[in-house]
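**Q** Sharing a sequence plus its predicted fold:
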Amino acid sequence: MVSDAQRACFEAGIKFGSLYHQFAGTPVSPDSAASLEAAMAEAIENQPFCASVTVDIDEAALSEAADEHGYVELTGRFMEVAMRIEYEGVVVDTEMVMEDGYPLMRLVAVE
């Protein structure tokens, strides 16, 4: 049997997998970062039990990494993400941040 807290954590993992693998590789520039942030958040918020998503794309890092055409492919190194999942009274807060060169997705709190 799976507890409500375990199910809420599973839902968080599904949302992170969807967000990262759906958008990784998307061409992004400093000029398009804000619209991509909004699109990513709104897409994931459509999924069940997702209460909120915040995507922050580092425009300064994009500028530094941009190629001669002014853009770069989106990877975890350019973004930070926070999500709140609510399932059957359980609230799960999560985040994705770079740690040792890897986009680490982790639980912040389970209440």
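**A** Right, received. Where do you want to start? Numbering: from 1, shown residues only.
**Q** by contact count, what packs against the helix or strand harbouring Gln22?
**A** Secondary structure assignment for Gln22, by DSSP states H and E: helix 4-23. With contacts taken as 3 or more C-beta pairs under 8 Å, 6 or more residues apart in numbering; DSSP states H and E, helix 4-23 sits against helix 33-45, strand 50-57, strand 79-87, strand 90-99, strand 102-110. In short, each C-beta sits where N, CA and C put it, glycine included.
**Q** gap between the most centrally placed residue in the chain and Gly89?
**A** In the chain, the residue lying closest to the centroid (C-alpha atoms, centre = their mean) is Val81, at 3.9 Å. From Val81 across to Gly89, the span is 24 Å (C-beta to C-beta, to the nearest Å).
**Q** contact partners of stretch 8-25?
**A** 2, 36, 40, 43-44, 47-50, 53, 55, 73-76, 81, 83, 85-88, 90-92, 94, 96, 103, 105, 107, 110 (C-beta atoms under 8 Å, 6 or more residues apart in numbering).
**Q** Can you list phi and psi of Gly101 for me?
**A** phi 80, psi 10 (degrees, to the nearest 10).
**Q** Name the residues of stretch 73-83 that come out as buried.
**A** Leu74, Thr75, Gly76, Phe78, Met79, Val81, Ala82, Met83 (16 or more other C-beta atoms under 10 Å).
**Q** Ok, stretch 93-111 next?
**A** So for stretch 93-111, counting by 16+ other C-beta under 10 Å, buried means Asp93, Thr94, Met96, Pro103, Met105.
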